[in-house]
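Colleague: The sequence isn't on hand, but the structure is:
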């Protein structure tokens, strides 16, 4: 990242010179002014990243200077310096757009911590600007591939949800596309120009998750040798995506609830609230209502998160989307090669139950583009598990909205499909494989509409 340009406006020469020396030593480019009018003239010609200004100045006060520099460059960060007795004025300055204030007398470390926070924010803003156009192209609503009614209805729902600021809870099995949904919501929302900060709660230990989310003060605990800005502060004005929200410990859930209720956080080691403006999108592959009953997840937090629920169906329940997804991934991994695909490959893909969902299909497609160096994808190149007649019915048993008859029929239908696939659609051999009279198999094929 380039060296930040800092402008100091302070009429006390000793403090001004001391500040300038400290900031130069810290590696910043610094310009200093005794009078605000001179500072404004300079700022109009050469904008800076940070303005550090006293509130009490000759010619005009710090609040007037703040308004003028913000009118020239709304993105400039302004830090106000104030005497102990004028903290209320400094708070007013923050309401008018100042980033922070510091009370005299102060040591250089206090100021450098504020500047470090600005550096982190500017770094995120820079990255966000660099990728903004890419992400907006990448994450239009057509990025959720499929032609099923479910996908079409989901896209329409996402168009509405993306324009809201309300909390979203995305549920679905592993590999169904929960992170993609979070991306689609953010990059089609009014917050699209602001950061999208992602947190994988499942990989963070109980000891570090609080500090990771909310940050910590220097000296808050052993090893906290400097201030850390948490993910919520980094996501200010934007969106935070909390994946595997069910893995957040109960004691941290209390703090999350406060964020949702008050839109404020406290860093570890501090009792000073920090106001933030963040939209929360959470996701889970677990039934949170079940965890609530077991006392493992706070009921009040669950209801706060579940304002706009989105449930992603597993791939086995939207089989119309399997081939469009396969073709999409094939095009993605083909690197302009043309692949021939046997019809039997498509049939096998449609009949497989996809326990790993879209992610499993994507990984398989990538593998095929590597192994099929002759650009011919045949059934012989498919992994053996795709032909297995040993069905995984655990997902059916867990479906509380299906009767026993429906579950049995679904298993029977899948067994018949697999038998026909293994026998190249030879109904006599399929009946023999299943231990059924050919007439019984014929009637079941008609019953289930198997082609």
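Modeller: All right, it came through fine. Nothing here was measured: the structure is a model prediction, and the numbers come from that model.
Colleague: Please read off the pLDDT at residue 54 from the model.
Modeller: pLDDT for residue 54: 91.
Colleague: quick one: it and residue 41, what's the gap?
Modeller: 18 Å (Cβ to Cβ, to the nearest Å). C-betas here are computed from N, CA, C, even on glycine.
Colleague: Please say which of the two ends up with more neighbours.
Modeller: Set side by side, residue 54 and residue 41 show more neighbours around residue 54, with 21 against 11, by other Cβ atoms under 10 Å.
Colleague: what's around residue 218, how many residues?
Modeller: Neighbours of residue 218 (other Cβ under 10 Å): 13.
Colleague: May I ask you to confirm that it is in contact with residue 224?
Modeller: Yes: between residue 218 and residue 224 a contact is recorded at 6.2 Å, counting by Cβ atoms under 8 Å.
Colleague: Next, count neighbours for residue 203.
Modeller: By other Cβ under 10 Å, 10 other residues sit near residue 203.
Colleague: Provide a list of residues in contact with the closest residue to residue 300 other than its chain neighbours.
Modeller: Closest residue to residue 300 apart from its sequence neighbours, by Cβ to Cβ, 6 or more residues apart in numbering: residue 257 at 6.1 Å. Under the criterion of Cβ atoms under 8 Å, 6 or more residues apart in numbering, the contact list for residue 257 reads 298, 300-301, 304.
Colleague: Now the element after the helix or strand bottoming out on mean pLDDT in the chain, going C-ward?
Modeller: When the helices and strands of the chain are scored by mean pLDDT, DSSP states H and E, helix 394-397 comes last with a mean of 56. Counting by DSSP states H and E, the next helix or strand C-terminal to helix 394-397 is helix 404-422.
Colleague: Report how many residues lie close to residue 286.
Modeller: 14.
Colleague: How much space separates residue 257 from residue 206?
Modeller: Using Cβ to Cβ, we find residue 257 at a distance of 18 Å from residue 206.
Colleague: can you check residue 351 too?
Modeller: 43 Å.
Colleague: who has more neighbours, these two?
Modeller: Taking other Cβ under 10 Å, residue 351 and residue 206 do not tie; residue 351 has more neighbours (20 against 11).
Colleague: For the residue lying closest to that one once chain neighbours are set aside, give me the pLDDT.
Modeller: Nearest residue to residue 351 in three dimensions, chain neighbours excluded: residue 417, at 4.6 Å (Cβ to Cβ, 6+ apart). Model confidence at residue 417, expressed as pLDDT, equals 81.
Colleague: likewise residue 399?
Modeller: With respect to pLDDT, residue 399 has a value of 55.
Colleague: And the strands in the stretch 51-200 of the chain?
Modeller: Assigned strands in the stretch 51-200 of the chain, in chain order: 77-82, 100-103, 168-172, 196-200 (criterion: DSSP state E, counting those that start in this stretch).
Colleague: Reformat the ones you listed as TSV; add mean pLDDT.
Modeller: Output for these, formatted as TSV (pLDDT from 0 to 100):
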stretch	mean pLDDT
strand 77-82	91
strand 100-103	88
strand 168-172	97
strand 196-200	95
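Colleague: which stretch among those strands comes nearest residue 450?
Modeller: For those, proximity to residue 450 was assessed by Cβ to Cβ; strand 168-172 is nearest, at 27.7 Å.
Colleague: Just checking: what are the partner strands of the closest one?
Modeller: When pairing is defined by DSSP bridges, strand 168-172 lines up against strand 279-284 (parallel), strand 308-312 (parallel).
Colleague: Pull out the buried residues from it.
Modeller: Across strand 168-172, burial judged by 16 or more other Cβ atoms under 10 Å covers 168-172.
Colleague: circling back to that earlier point, is it true that the residue nearest to residue 351 touches residue 444?
Modeller: No: the criterion here is Cβ under 8 Å, and residue 417 misses it with residue 444 at 10.8 Å.
Colleague: sorry, back to before: out of the strands paired with strand 168-172, which is the most enclosed?
Modeller: With neighbours defined as mean count of other Cβ atoms under 10 Å, the strands paired with strand 168-172 peak in mean count at strand 279-284, which reaches a mean of 24.
Colleague: How far off centre is that one?
Modeller: Here strand 279-284 is found 8 Å from its chain centre; the criterion is Cα atoms, centre = their mean, to the nearest Å.
Colleague: Just the pLDDT for residue 413.
Modeller: pLDDT, residue 413: 84.
Colleague: can you list the domains in this structure?
Modeller: 5-116, 139-312, 314-388, 393-451 (automatic domain parsing).
Colleague: Turn the ones you listed into TSV, columns for distance to residue 123.
Modeller: TSV is the format used below for those (distance: least, Cβ to Cβ, whole Å):
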stretch	distance to residue 123
domain 5-116	11
domain 139-312	9
domain 314-388	30
domain 393-451	43
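Colleague: Which of the ones you listed has the lowest mean pLDDT?
Modeller: domain 393-451 (a mean of 77).
Colleague: what's the closest of the strands paired with strand 168-172 to residue 159?
Modeller: Each of the strands paired with strand 168-172 has some distance to residue 159 by Cβ to Cβ; the shortest is strand 308-312, at 12.6 Å.
Colleague: who touches that closest one?
Modeller: The contact list for strand 308-312, computed with Cβ under 8 Å, 6+ apart, reads 154, 157-158, 161, 164, 166-173, 176-178, 181.
Colleague: Return the distance of that strand from the chain's centre.
Modeller: Distance, stretch centre to chain centre, for strand 308-312: 15 Å (Cα atoms, centre = their mean).
Colleague: Over to stretch 202-215?
Modeller: Distance, centroid of stretch 202-215 to centroid of chain: 16 Å (Cα atoms, centre = their mean).
Colleague: measure that stretch end to end?
Modeller: The straight-line separation of the ends of stretch 202-215 (Cα to Cα, to the nearest Å) is 18 Å.
Colleague: check contacts around residue 259.
Modeller: Per Cβ under 8 Å, 6+ apart, neighbours of residue 259: 232, 265, 276, 278, 280.
Colleague: Check the residues you listed and tell me the two furthest apart.
Modeller: Spatially, the most separated pair among the contacts of residue 259 is 265 and 280, at 12.0 Å (Cβ to Cβ).
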